[in-house]
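In: mind looking at a prediction? Sequence and model below.
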There are 2 protein chains.
Amino acid sequence: MRILLVGAGGVGTAITRIAARRDFFERMVVADYDLTRAEAAVAAVADAGGARFAAARVDASDEEAVTRLMTDERCDVLLNATDPRFVMPLFRAALAAGAHYLDMAMSLSRPHPERPYELTGVMLGDEQFALDDRWREAGRLALVGMGVEPGLSDVFARYAADELFDTIEEIGVRDGANLTVDGYDFAPSFSIWTTIEECLNPPVVHEADRGWFTTAPFSEPEVFDFPAGIGPVECVNVEHEEVLLIPRRVKAGRVTFKYGLGEEFINALRVLHQIGLDRTDPVTVTAKDGTRVEVSPRDVVAACLPDPAALGDRMHGKTCAGTWVRGTRDGQPREVYLYHVVDNAWSMREYGCQAVVWQTAVNPVVALELVANGTWSGAGVLGPEAFTPRPFLDLLTAYDSPWGIREQRSA
Amino acid sequence: MRILLVGAGGVGTAITRIAARRDFFERMVVADYDLTRAEAAVAAVADAGGARFAAARVDASDEEAVTRLMTDERCDVLLNATDPRFVMPLFRAALAAGAHYLDMAMSLSRPHPERPYELTGVMLGDEQFALDDRWREAGRLALVGMGVEPGLSDVFARYAADELFDTIEEIGVRDGANLTVDGYDFAPSFSIWTTIEECLNPPVVHEADRGWFTTAPFSEPEVFDFPAGIGPVECVNVEHEEVLLIPRRVKAGRVTFKYGLGEEFINALRVLHQIGLDRTDPVTVTAKDGTRVEVSPRDVVAACLPDPAALGDRMHGKTCAGTWVRGTRDGQPREVYLYHVVDNAWSMREYGCQAVVWQTAVNPVVALELVANGTWSGAGVLGPEAFTPRPFLDLLTAYDSPWGIREQRSA
């Protein structure tokens, strides 16, 4: 297998470090708009099978340039580790190159123009699924949403349906952490820009008898008790790919995604929104040099906060991704939480990557290995829940990153 | 009396409208850095004795230019309605011109360099009181802090000491409102820039046996029940001039100022501070035109919010300023709240000014009338609590803006 990895940011860099320890691929070309970032990622794996890696410069928004790079390097799969704005050009570039494609976040949504907090508009992934026929005709696989959430969370849902339940009433992806950052009162462990986008878009919910619908931001708050010492964290509905993917393959009365933002973070997002500091359309202010300039308030918020990818050394705690399922087995009620925890101290020591970034990165590498060895195969646009889950979960454990299962009962 | 009014913003404009109905002065020159603002203020009172008013352009930071304007116009008092950055140049300009001086906010503080939340550094008004001897030698009066708070609140404290109490344990200035603005979830009725400055500086407290000391921001929260239908509002300690002024003349065990910011507003200020959006030192962001620019986060916050002076038409509710006093009378415990309420509907209808601005503006006009007719006189730097309070309170009532007194008992 010859892989083109596009994006050498936090997640892309972690992917190279994880992949360097595996032998399922022949070559990985690491391409970024900023060549020095790609070169740094490649240099860091020089001691560990680094000869298979090469750095390149590419503009992810330039479809033709990406297709050309794929062809020149004879890559048979494109692994997209950029931000969601670049999903569609990279998705089309891989199709044009006759390659497989894999990403960790799907094409962006647009709210319903009149009733944004009741009805869906353009949904996450809609633009990708619209090209399903063309991928099938080409006999190539577009494995979409294959990070940790979406990704591993979808694998958990399919595993629950296949092996743990006869009927499923509800599937709720639940994400929580107890990460803190030394020296900062308030330092998100992920991009504030993206988090604002994710959290202030109308959250989407699926119900079997109603289909997809949306709610107001931060709806249905609940306190979820996370394992591994993380404990209870306040979670709220957030727009996320799993809610669009899981119902395509798994029969469940209800599917939600709730993010364990915690009260403090939810409060901060609410205030930013109230004041209008989440806006991306510019306001006019006087700059330090006395000129009047137009700046995006959301960019200014991001500039006030530290870069989360650079905080790994000061970070403490664990992050947990997982899927909570409630239903029946053999006529009895059953409730489980399937989960995956990464301790920041471990991921820093083992890989030099902070926990949130590492947890996102390991899953697409596991998936590529399954595609490379033929365990997972298919044609068309498919989510992780479309594949047999057990081999994935076993291979994840073989990557020294075991998952867990908690049998539980609602209060 | 010939008055130079410097500053034709919200408060300056309200001063012209209130003064236009009174005959105690011969001339009022309205000066602003922006001549069109001064001209607009003068034009608005053309029908009501407008011949006494004239507009001029002046830079409030240019001491010599202000002194020259005072002399040219033969003004015998300077009324400062600018923001506190201009207190010292205007204060010195009036002294140089041999005139009296009156302001509504005092020279700025600087926190203690090592222990800002325990000890005072340079206190509000320190720079003005340092020139007390020179004002006394000149035989001229600098009446400082003569708005509503400080100002009327100080008059109330002196009135309580003179006429209502034998001993005073505590004096607490308490400010609260129930103002709302149509069409906005979050629209402060006063400058967010100034409010951040005021609320995030270390609050100052005075105790008879300890002197002045500071606390952390938002300390000693309490819910104070405001009259006139405003009801309970959460109040916290804020740095304010009364705490520096009242103990100079009135014996009290403790003096505080608490601002009824309300939970929502306090929460918003805390979040802004946590993220660093209260900062005035610049951050670098990419502007809309692609250039890298340095902007102050606090300026961006202000730019996201509407201009409070322009919101009067959309505003509803009342604002209350007042002084709560606890002590004894004739050997019995006594507790009163002396207060002044302005209904926005009334101030808009009567004066075309929003309530907060009008309430600030009426008090210096009342004080100038007392100086003009010789009821209040003195030389040196003096606060409102240095003068006999009863004539002030009677004249305020004669301006159609009565004050109130509530006898109460702590729970």
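Out: Looks like it came in fine.
In: flag every residue of chain A that's near chain B.
Out: Residues of chain A that fall close to chain B, judged by C-beta under 8 Å from any C-beta of the partner chain: A:185-186, A:267-268, A:271-272, A:274-277, A:279, A:282-289, A:291, A:293-297, A:299-301, A:303-305. All C-beta atoms are positioned from the backbone trio N, CA, C, and that covers glycine.
In: so which of those residues belong to strands?
Out: Those of the residues of chain A next to chain B mapping onto strands are A:Val283, A:Thr284, A:Val285, A:Thr286, A:Val293, A:Glu294, A:Val295, per DSSP state E.
In: re earlier: filter the residues of chain A next to chain B to the buried ones?
Out: Buried members of those, counted by 16 or more other C-beta atoms under 10 Å in any protein chain shown: A:186, A:267-268, A:271-272, A:274-277, A:279, A:282-283, A:285, A:287, A:293, A:295-297, A:299-301, A:303-305.
In: quick check: mean pLDDT across stretch A:133-146?
Out: Stretch A:133-146 carries an average pLDDT of 98.
In: can you show me the CA trace of the longest helix belonging to chain A as PDB?
Out: When chain A is parsed with DSSP state H, its longest helix is helix A:355-372. Extracted in PDB, the C-alpha atoms of helix A:355-372 (Å, rounded to 0.1, in the frame of the first residue of the first chain):
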ATOM      1  CA  ALA A 355      -3.800  12.400  24.100                       C
ATOM      2  CA  VAL A 356      -6.700  14.000  22.100                       C
ATOM      3  CA  VAL A 357      -4.600  14.100  19.000                       C
ATOM      4  CA  TRP A 358      -3.100  10.600  19.400                       C
ATOM      5  CA  GLN A 359      -6.500   9.100  20.000                       C
ATOM      6  CA  THR A 360      -7.800  10.600  16.800                       C
ATOM      7  CA  ALA A 361      -4.800   9.500  14.800                       C
ATOM      8  CA  VAL A 362      -4.500   5.800  15.800                       C
ATOM      9  CA  ASN A 363      -7.900   4.800  14.300                       C
ATOM     10  CA  PRO A 364      -7.300   5.600  10.700                       C
ATOM     11  CA  VAL A 365      -4.000   3.800  10.800                       C
ATOM     12  CA  VAL A 366      -5.700   0.700  12.200                       C
ATOM     13  CA  ALA A 367      -8.400   1.000   9.500                       C
ATOM     14  CA  LEU A 368      -5.800   1.300   6.700                       C
ATOM     15  CA  GLU A 369      -4.000  -1.800   8.000                       C
ATOM     16  CA  LEU A 370      -7.300  -3.700   7.700                       C
ATOM     17  CA  VAL A 371      -7.800  -2.400   4.200                       C
ATOM     18  CA  ALA A 372      -4.200  -3.200   3.200                       C
END
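In: list the buried residues of that helix.
Out: Quick answer for helix A:355-372 (16+ other C-beta under 10 Å): A:355-372.
In: elements contacting that helix?
Out: On a contact count with 3 or more C-beta pairs under 8 Å, 6 or more residues apart in numbering or on different chains; DSSP states H and E, helix A:355-372 meets helix A:10-19, strand A:77-80, strand A:100-103, strand A:141-143, strand A:318-329, strand A:332-343, helix A:344-351, helix A:389-398.
In: if we go to 7 Å?
Out: helix A:10-19, strand A:77-80, strand A:100-103, strand A:318-329, strand A:332-343, helix A:344-351, helix A:389-398 (3 or more C-beta pairs under 7 Å, 6 or more residues apart in numbering or on different chains; DSSP states H and E).
In: got the angle between the fifth one and helix A:344-351?
Out: Just to be clear, that refers to strand A:332-343. 60 degrees (axes from the mean of the first three to the mean of the last three C-alpha atoms, to 10 degrees).
In: re the thing from before, what inclination does the longest helix of chain A have with respect to helix A:389-398?
Out: 130 degrees.
In: beyond helix A:355-372, next helix or strand please.
Out: strand A:380-382 (DSSP states H and E).
In: and that next one, how far out from the chain's middle?
Out: Counting by C-alpha atoms, centre = their mean, to the nearest Å, strand A:380-382 is centred 17 Å from the centre of its parent chain.
In: next: stretch A:397-407.
Out: On C-alpha atoms, centre = their mean, the centre of stretch A:397-407 falls 19 Å from the chain's centre.
In: buried stuff in it?
Out: By 16+ other C-beta under 10 Å, the buried positions in stretch A:397-407 come out as A:Ser401, A:Trp403, A:Ile405.
In: distance of the first one from chain B?
Out: From A:Ser401 across to chain B, the span is 33 Å (C-beta to the nearest C-beta, to the nearest Å).
In: contacting residues around the residue lying closest to that residue once chain neighbours are set aside?
Out: Nearest non-adjacent residue to A:Ser401, counting by C-beta to C-beta, 6 or more residues apart in numbering or on different chains: A:Val362, 5.8 Å away. Residues in contact with A:Val362, defined by C-beta atoms under 7 Å, 6 or more residues apart in numbering or on different chains, are A:Ile18, A:Tyr399, A:Ser401.
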